[in-house]
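Peer 1: below are the sequence and a predicted model for it; my questions follow.
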Amino acid sequence: MQPDVIIIGGGFAGTAAAITLARANRNVQVIDSGAPRNRFSEHSHGILGLDGAAPTELLQRGHAEVKKFGGAISHGSVDKLTRTSEHGPWQVKLAGGEVLESRHVLVATGLKDKLPAVPGLNDLWGTRVFHCPYCHGYEVTGKKVALIGGVNLPFTIRISKLLSKWSDTLTFYPNGLELTDLDHSQLTRLGVEVNDAQVTQVRPEETSPTGVVVQSSTEEDTYEACFTGPDFLPNDALLRDVGCELANGWVSVEHGQTSVSRLWAAGNVVSSPDQVSQAMGSGAAVGIAIDQRMLDEDLAEL
């Protein structure tokens, strides 16, 4: 039976959309690569009633719910989206060569975090090195914290000031980022130490489950927690390849609808700040929007 909706990506946005659509008695097929953005994290925060739960565990439970309500989930990746006419079905070509068809497609493929080129950062990502103060700031309250720059200037500068709300012992290594006089002035007033030495390596502090040793060109120091500012690279090739309009380098959506008819997007693939709770909310909202659109299409045929 041809799915009403194929959802590409089984992370929090895609899974929430799938549950919403399956509960609306739509035939839903989720194609999941099994590599969610937060798979490196042991805990997730800000989820009502589930603070501290492991993201992978939550997704497993979510996938079980998709199946409980009649949806299907398969493991794989998608190479290409095509269709023969504006209102015809989408052809979804899988990496193995199989082609599936559906009336609508939702892309929820997330993004990749490109970290500064500092040896050790990737190894500690999600366990001892983080980027989001709203996800992990509370856990570092009152601790000695390092922030390492080097990739994403606007984001890193912003969290260098934001993190001072949780830590009064914050050391910011710009690591090649250029700060303005205003940045320096504000950081000084916020009590943030700016260390202009180049960071050459980070490694675990073995006596602590969260500690990090930051080695620089002049010295090394030990911190109880570490943050960095990654570059956010959306996995949006499928959307770009079919001509979706862009805004500020991201695929543009309105209530989840791209500029291409019957093609939708939700979660980090179109919105870098989305945390777990936001991704679930956006996925559910887009799922409702798709169901409503399909109803209008069906009514137009009566």
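Peer 2: The structure has been received and is ready for your questions.
Peer 1: C-alpha only now, for contacts and for neighbours.
Peer 2: OK.
Peer 1: helix or strand with the lowest mean pLDDT in the chain?
Peer 2: Between all helices and strands in the chain, the lowest mean by mean pLDDT, DSSP states H and E belongs to helix 133-136, at a mean of 92.
Peer 1: output the contacting helices and strands for it.
Peer 2: On a contact count with 3 or more C-alpha pairs under 8 Å, 6 or more residues apart in numbering; DSSP states H and E, helix 133-136 meets no helix or strand.
Peer 1: tell me the gap between it and the middle of its chain.
Peer 2: With C-alpha atoms, centre = their mean, to the nearest Å as the basis, helix 133-136 stands 13 Å off its chain's centre.
Peer 1: same deal with stretch 162-181?
Peer 2: Stretch 162-181 sits 23 Å away from the centroid of its parent chain (C-alpha atoms, centre = their mean).
Peer 1: what does that stretch rub up against?
Peer 2: Residues outside stretch 162-181 that contact it (C-alpha atoms under 8 Å, 6 or more residues apart in numbering) are 133, 137-138, 140-151, 153, 157, 160, 190-199.
Peer 1: and what of stretch 259-275?
Peer 2: 12-14, 86-87, 103-111, 135, 232, 234-236, 242-245, 250-253, 256-258, 278-280, 282-283, 286.
Peer 1: out of these, which are inside strands?
Peer 2: Members of the contacts of stretch 259-275 lying in strands (criterion: DSSP state E): His104, Val105, Leu106, Val107, Leu111, Phe232, Pro234, Trp250, Val251.
Peer 1: most neighbours among those, which one is it?
Peer 2: Most neighbours among these, by other C-alpha atoms under 10 Å: Leu106, with 28 neighbours.
Peer 1: just to check, that one is in contact with Ala13?
Peer 2: No - applying C-alpha atoms under 8 Å as the test, Leu106 and Ala13 come out as separate, 10.0 Å apart.
Peer 1: ok so, going back, may I have the least confident helix or strand of the chain exported as PDB, CA atoms only?
Peer 2: Once non-C-alpha atoms are left out, helix 133-136 reads as follows in PDB (Å, rounded to 0.1, in the frame of the first residue of the first chain):
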ATOM      1  CA  PRO A 133      23.600  26.500  27.500                       C
ATOM      2  CA  TYR A 134      19.900  25.900  27.600                       C
ATOM      3  CA  CYS A 135      20.500  22.100  27.300                       C
ATOM      4  CA  HIS A 136      23.500  21.900  29.700                       C
END
